[in-house]
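Visitor: Pasting a predicted model and its sequence here:
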Amino acid sequence: MIQVTVWNEYRHEKTDEAVRKVYPEGIHQQIAAFLKEDNFTVRTATLDEPEHGLTKEVLSDTDVLIWWGHVAHQEVSDEIVERVHQRVLEGMGLVVLHSGHMSKIFMKLMGTSCDLKWREASENCRIWSVNPSHQIVEGIGEYIELEKEEMYGEHFDIPAPDELIFISWYPGGEVFRSGCTYRRGNGKIFYFQPGHETYPSYYNKDVQKVIKNSIRWCCPTRNVYPKYGHHEPLEKLGGIEA
Ligand code: ZN
């Protein structure tokens, strides 16, 4: 069983009626609900909990962390960001959703501004799969069509993805690299664009499938991870006294 922790800032849902209508229990609870339909062990964590719900115990018990944040990126403490960063380098998977592109943890892992163009205009979008043999698009057709999503447009200031999985098209003429994978240290990261708080994207079956697939893709392997630091020679070194 893959241990998933769904982290949500959980602010819009408390203050904005339009958001509460779409996600009455919070975005994290909707994501947790569809993940529980599959074979995942799911817990949730939110910003206003002690240590943002991301204690050392929770993180060491997490195979894959899902991250949704928007208005309160700066309220996430640097100490917790450092803790999550360390776990990613150790091998924990990280799925960063929608406006999480500007979260401290994603920006730290990317090393760039992660900025982009945006527009909230109830536009439809077409999310084209551009890596058809990839595990993340298993069960998905050539594209996912969403009736409403926020426009995110290029240029998206990220490092060149290790793998590009989706490119989105918007009616205004913009395009966006909406599904990208990265490896950092021993960890795997997937960024996925859908999920604006006033639109029901996390009820869309294809969006749900992509998130589930991405969890399976970025969960830690049973591989042997390297030990870093001083290393004893495996062979006898000529001329060097032990
Ligand atoms: Zn948004």
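Guide: Sure thing, it's come through. Numbering: from 1, shown residues only.
Visitor: In the protein, which residue sits nearest the ion?
Guide: Nearest to the ion, among the residues of the chain, is residue 196, at 3.5 Å (Cβ to the ion). In this view, the C-beta of every residue, glycine as well, is placed from N, C-alpha and C.
Visitor: who's in contact with that residue?
Guide: Counting by Cβ atoms under 8 Å, 6 or more residues apart in numbering, residue 196 touches 98, 99, 120, 148, 149, 150.
Visitor: Let me know the helix or strand that it is in.
Guide: When secondary structure is defined using DSSP states H and E, no element contains residue 196, which sits outside every helix and strand.
Visitor: Quick one, grab the pLDDT at residue 110.
Guide: pLDDT for residue 110: 98.
Visitor: Same question for residue 223.
Guide: With respect to pLDDT, residue 223 has a value of 89.
Visitor: Give me the neighbour count for it.
Guide: Around residue 223 sit 8 other residues, with neighbours defined as other Cβ atoms under 10 Å.
Visitor: That one - that's part of a helix, no?
Guide: No - for residue 223, which was evaluated using DSSP: H, G, I helix; E, B strand; the rest coil, the result is coil, with no helix membership.
Visitor: how close does it get to residue 33?
Guide: Distance, residue 223 to residue 33, by Cβ to Cβ, to the nearest Å: 32 Å.
Visitor: coming back round to it: now the contacts of residue 196 in CSV, with secondary structure, pLDDT and neighbour count?
Guide: Converted to CSV, these look like this (DSSP: H, G, I helix; E, B strand; the rest coil; pLDDT from 0 to 100; neighbours: other Cβ atoms under 10 Å):
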residue, secondary structure, pLDDT, neighbour count
98, helix, 98, 24
99, helix, 98, 21
120, strand, 97, 13
148, strand, 98, 15
149, strand, 98, 28
150, strand, 98, 22
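Visitor: Now the two most distant members of the residues you listed.
Guide: When Cβ to Cβ is used, the two most widely separated members of the contacts of residue 196 are 99 and 148, lying 15.5 Å apart.
Visitor: Tell me where this structure has strands.
Guide: For the chain, the strands defined by DSSP state E occupy 2-8, 40-46, 64-68, 93-97, 117-129, 143-153, 163-169, 175-184, 187-192.
Visitor: what bits of the chain have low per-residue confidence?
Guide: Regions of the chain meeting the criterion pLDDT under 70 cover residues 240-242.
Visitor: and stretch 138-156 with the ion, contact?
Guide: Yes - with Cβ under 5 Å from the ion as the threshold, stretch 138-156 lies in contact with the ion, specifically through residue 150.
Visitor: Quick one: end-to-end distance for that stretch.
Guide: Across stretch 138-156, the straight-line distance between its terminal residues is 25 Å, by Cα to Cα, to the nearest Å.
Visitor: Now do the buried residues in that stretch.
Guide: Residues 140, 143, 144, 146, 149, 150, 151, 152, 153, 156 are the ones in stretch 138-156 that count as buried (16 or more other Cβ atoms under 10 Å).
Visitor: Does the last one touch residue 174 like I think?
Guide: No - the pair residue 156 and residue 174 does not pass the contact test of Cβ atoms under 8 Å, sitting 10.5 Å apart.
Visitor: Within range of the ion, give me the residues from the chain.
Guide: 99, 150, 196.
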